[in-house]
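*Asks:* the following block contains a protein sequence and its predicted model.
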Amino acid sequence: MAEEIEYGQGIPTVVEPNMPMIDAIVESVRYRGQLLARETKLSSGVLATVSIGFAIGFALAIVMMLGPFAFMGGL
């Protein structure tokens, strides 16, 4: 039978913490931190290359629009 806790009787005893619950909370915080770090790295990488990507896309769009005229001898 489980030991009953009596209050107001002598020196208090230390109660063991609920470690599985604490471990689950720590794991949840660790997982969320990793997700946040991954998302931050991804967005930083996208923002670092957005200008180069825009320039390449713009140049390809111009070539695709003016390319047929150049081949037909219009330019």
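*Replies:* Cool, got the structure. Numbering: from 1, shown residues only.
*Asks:* quick one: average pLDDT of the one helix or strand K41 maps to?
*Replies:* Following DSSP states H and E, one finds K41 within helix 19-72. Mean pLDDT, computed over helix 19-72, is 92.
*Asks:* so what's the gap between that helix and the chain middle?
*Replies:* The chain centre lies 12 Å from the centre of helix 19-72; the measure is C-alpha atoms, centre = their mean, to the nearest Å.
*Asks:* report how many residues lie close to I11.
*Replies:* I11: 4 surrounding residues under other C-beta atoms under 10 Å. (Each C-beta comes from the backbone N, C-alpha and C, glycine too.)
*Asks:* does it fall in a helix, a strand, or a coil region?
*Replies:* Following DSSP: H, G, I helix; E, B strand; the rest coil, I11 is assigned to coil.
*Asks:* how near is it to R30?
*Replies:* Noted for I11: a distance of 37 Å to R30, by C-beta to C-beta, to the nearest Å.
*Asks:* equivalent analysis for A55, please.
*Replies:* From A55 to R30 the distance is 40 Å (C-beta to C-beta).
*Asks:* cool, and A59?
*Replies:* 44 Å.
*Asks:* now F71
*Replies:* Taken as C-beta to C-beta, the span from F71 to R30 is 58 Å.
*Asks:* with F54 instead?
*Replies:* 37 Å.
*Asks:* so is G8 in a helix, a strand, or just coil?
*Replies:* On the basis of three-state DSSP, G8 is classed as coil.
*Asks:* tally of neighbours for it?
*Replies:* Quick note: G8 (other C-beta under 10 Å) scores 5 neighbours.
*Asks:* sounds good, over and out.
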